[in-house]
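In: How does the following fold in three dimensions:
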Amino acid sequence: MADFDACLALDREPNTVRHIDGPWDNPRAHKAFIRARIRGPYPPGLGYWVIARKANPGEFLGWVCLIPENALGPRTEIGWRVVGRARGQGFAPEAAANLLSHGFQSVGLKSVIAEINRDNSPSRRVAEKIGMRLWQDGSAEDAQLLIYGARIDCAI
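Out: Residues are numbered from 1 along each chain as shown. Sure thing, here's the model as predicted:
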């Protein structure tokens, strides 16, 4: 919860959540959403982690998560958000690759997905950089939603 305000500010940056469904236009619901996501509960080894520079661990640059899909499951999803001033510098792929390895090696996951809007090319590039591949082009509920995936037998 120490990073709550930074997470809220990140979501409010221009274009940060434009490709992600959520309660972004309702301040009260948005805050409740962030609190619920930070707190979980999540199975052991899953949750949210802050992205920071090694040289300045107190500087919030964003977050990565490994949680049950839509916080419910049954699949496990990986996600990331990075503040505008840190985008394009490799923070999201580095953090997400480490978290993906953690999921396979420490948690014992067999597969991980990332749900990404087809118009969100930066997130699609992150998924591809960490070894994820397009598994499903659109879904029954949302044709714009692409499902990227990685399995333990083809992880980076």
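
In: Please make it C-alpha for all contacts and neighbour counts, starting now.
Out: OK.

In: Export the worst-scoring helix or strand of the chain on mean pLDDT to PDB, keeping only CA atoms.
Out: In the chain, no helix or strand scores lower on mean pLDDT, DSSP states H and E than strand 133-137, which sits at a mean of 91. Extracted C-alpha coordinates of strand 133-137, given in PDB (Å, rounded to 0.1, in the frame of the first residue of the first chain):
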ATOM      1  CA  ARG A 133       3.500 -15.800 -28.400                       C
ATOM      2  CA  LEU A 134       0.100 -14.900 -29.700                       C
ATOM      3  CA  TRP A 135      -2.200 -17.800 -28.600                       C
ATOM      4  CA  GLN A 136      -5.600 -16.300 -29.400                       C
ATOM      5  CA  ASP A 137      -6.600 -13.500 -31.800                       C
END
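
In: Give the other helices and strands that the very next helix or strand once past that strand contacts.
Out: Once the chain leaves strand 133-137, the next helix or strand it forms, by DSSP states H and E, is strand 145-151. Under the contact definition 3 or more C-alpha pairs under 8 Å, 6 or more residues apart in numbering; DSSP states H and E, strand 145-151 sits against strand 111-117, strand 133-137.

In: Let's have those in a markdown table, adding distance to A36 and mean neighbour count.
Out: Listed next are the helices and strands packed on strand 145-151 as a markdown table, based on distance: least, C-alpha to C-alpha, whole Å; neighbours: other C-alpha atoms under 10 Å:
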| stretch | distance to A36 | mean neighbour count |
| --- | --- | --- |
| strand 111-117 | 19 | 22 |
| strand 133-137 | 28 | 15 |
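
In: Next, format those as JSON lines and append distance to E69.
Out: As requested, those are exported to JSON lines (distance: least, C-alpha to C-alpha, whole Å):
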{"stretch": "strand 111-117", "distance to E69": "8"}
{"stretch": "strand 133-137", "distance to E69": "15"}
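
In: Please tell me how far W63 sits from L46.
Out: 13 Å (C-alpha to C-alpha, to the nearest Å).

In: Tell me which of those two has more neighbours.
Out: W63 (23 against 20; other C-alpha atoms under 10 Å).

In: helices or strands next to the helix or strand encompassing the more buried one in the packing?
Out: Here W63, judged by DSSP H and E, is contained in strand 62-68. Counting by 3+ C-alpha pairs under 8 Å, 6+ apart, the packing neighbours recorded for strand 62-68 are strand 47-51, strand 76-82, helix 91-102.
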